[in-house]
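*Asks:* structure of the sequence below:
(one chain, ligands or ions: 1)
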Amino acid sequence: MASNTTFNRETTGQEVADAYGNEIKDRTVVVTGPSPGGIGYETARAIATKSPKLLILAGRDMNKLEAAKADILKDTPSANLALVTLDLNSLASVRSGAKAIAEAAPKLDVLINNAAIMMCPYSTTEDGFETQFGTNYLAPWLLTNLLLPNLLATPSPRVVFVSSVGHRASDIRWDDLDFSGGKTYHNVLSYGQSKTASVLNAVALAEKYPKLTAISLHPGGIMTNLMRHLTEDDMKGMVSRFMNEDGTPKAGVFFKTIPQGASTTLVAAFDPALKEHSGAYLADCQIAQVKATTAESSLEEAQFVAPYAIDKSAADRLWGISEDMAGQKFSS
Ligand SMILES: NC(=O)c1ccc[n+]([C@@H]2O[C@H](COP(=O)([O-])OP(=O)(O)OC[C@H]3O[C@@H](n4cnc5c(N)ncnc54)[C@H](OP(=O)(O)O)[C@@H]3O)[C@@H](O)[C@H]2O)c1
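*Replies:* Residues are numbered from 1 along each chain as shown. Prediction:
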């Protein structure tokens, strides 16, 4: 159980940071994808208010990192911030970014893997992997593993994977991870697969490294730049699935503000009670219950985690595949 059972879908990231300020103070934390307008930015902004020793903002665009830094410093002028460029579309960039982070933070308390893309058209990463799988899962898997020595050098290390209810759209496509080179590509299933993989990443780390707390989560539905790849048809499909004709959300559907969208990540990163629940998946600031998906209700039931996403043997199998893809072994 999470420490604060009253935190819910309306809780803001700042309220969580206020509650766990002592867990943030003097810690070194990395947040990936902190571009202004997104929930990574709001996560970082709230963390900065609680005197971390060092807060590292890692992203692919130095202009956006500088803008995030300037905004955070307006809010908290004393914040100690460092910026690292890292493009999840390239494993070489992940390696150089990890090196820069490791140098800045020989002891790293918390790594928040927030950055991702959603429902883009078919393409491949610099290394030839389907882009959503490569960006949303494989690159954070590699980044985390490269930073494990720094994380394990701290008393109570934590890794967070911002996943999504989207994981309920697809299990891992074990026999066709890359959609037959794009021939069978479906942008929702691809996003779903990548987000299932990030839940499995936390499960695998929890099994392999008992000292580490690894948590994944769904942040909620929040209007951000994540929607940038949606086509007009994608938008129409989403609107009819989640909204009534008069523009109000359908029963059970709730859209969060950006401050509300940062809260579950902050619980995952700093709630001390979650040390007992490594491998857990959170939604609306609480540990999610397990519920199988159905074609009709998969994405509407955002408070549940799919059984296939927390399967330990699947997590182990994916780990082996990831080692082969990245060309590097990280078994403990
Ligand atoms: N918003 C929602 O409703 C929702 C729902 C479920 C899950 N999520 C998850 O929440 C997380 C944050 O999303 P968001 O809604 O805040 O979206 P966002 O505003 O688009 O933020 C995504 C961040 O990821 C970064 N990013 C994308 N591709 C990258 C790459 N190749 N290398 C490095 N950074 C990259 C983006 O950088 P640029 O600015 O440079 O593109 C941006 O900083 C994601 O993991 C997303 O899947 C969001």
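
*Asks:* break down the stretch 101-250 of the chain into its helices, ranges please.
*Replies:* For the stretch 101-250 of the chain, the helices defined by DSSP state H, counting those that start in this stretch occupy 131-133, 139-152, 187-208, 232-242.

*Asks:* the longest one close to the ligand?
*Replies:* No - Helix 187-208 stays clear of the ligand (CB under 6 Å from any ligand atom), getting no nearer than 6.7 Å. Every C-beta, even on glycine, is put in place using the N, C-alpha and C of the backbone.

*Asks:* which among the helices of the stretch 101-250 of the chain is found nearest to residue 36?
*Replies:* helix 139-152 (21.1 Å; CB to CB).

*Asks:* report the mean per-residue pLDDT for the closest one.
*Replies:* Mean per-residue pLDDT for helix 139-152: 98.

*Asks:* and stretch 53-62, by the same measure?
*Replies:* For stretch 53-62, the mean per-residue pLDDT is 98.

*Asks:* near the ligand at all, it?
*Replies:* Yes - against the ligand, stretch 53-62 shows contacts by CB under 6 Å from any ligand atom at 59-61.

*Asks:* does residue 61 touch residue 35 like I think?
*Replies:* Yes - assessed by CB atoms under 8 Å, residue 61 is found in contact with residue 35 at 7.1 Å.

*Asks:* who's more crowded, the two?
*Replies:* For the pair residue 61 and residue 35, the greater number of neighbours falls to residue 35 (20 against 12), based on other CB atoms under 10 Å.

*Asks:* now that one: closest residue in space, sequence neighbours ignored.
*Replies:* residue 64 (4.4 Å; CB to CB, 6 or more residues apart in numbering).

*Asks:* the one you found is in contact with residue 33, isn't it?
*Replies:* No - using CB under 8 Å, residue 64 is not in contact with residue 33; the gap is 9.4 Å.

*Asks:* so which residues on the stretch 151-300 of the chain come close to the ligand?
*Replies:* Going by CB under 6 Å from any ligand atom, the residues of the stretch 151-300 of the chain near the ligand are 162, 164, 218-219, 221-222, 224-226.

*Asks:* distance to residue 199 added to these, as a markdown table?
*Replies:* Shown next, in a markdown table, are these (distance: CB to CB, whole Å):
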| residue | distance to residue 199 |
| --- | --- |
| 162 | 11 |
| 164 | 9 |
| 218 | 9 |
| 219 | 13 |
| 221 | 18 |
| 222 | 19 |
| 224 | 20 |
| 225 | 23 |
| 226 | 18 |
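
*Asks:* just send the residues of stretch 53-62 next to the ligand back as a markdown table, with secondary structure too.
*Replies:* Formatted as a markdown table, these follow (DSSP: H, G, I helix; E, B strand; the rest coil):
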| residue | secondary structure |
| --- | --- |
| 59 | strand |
| 60 | coil |
| 61 | coil |
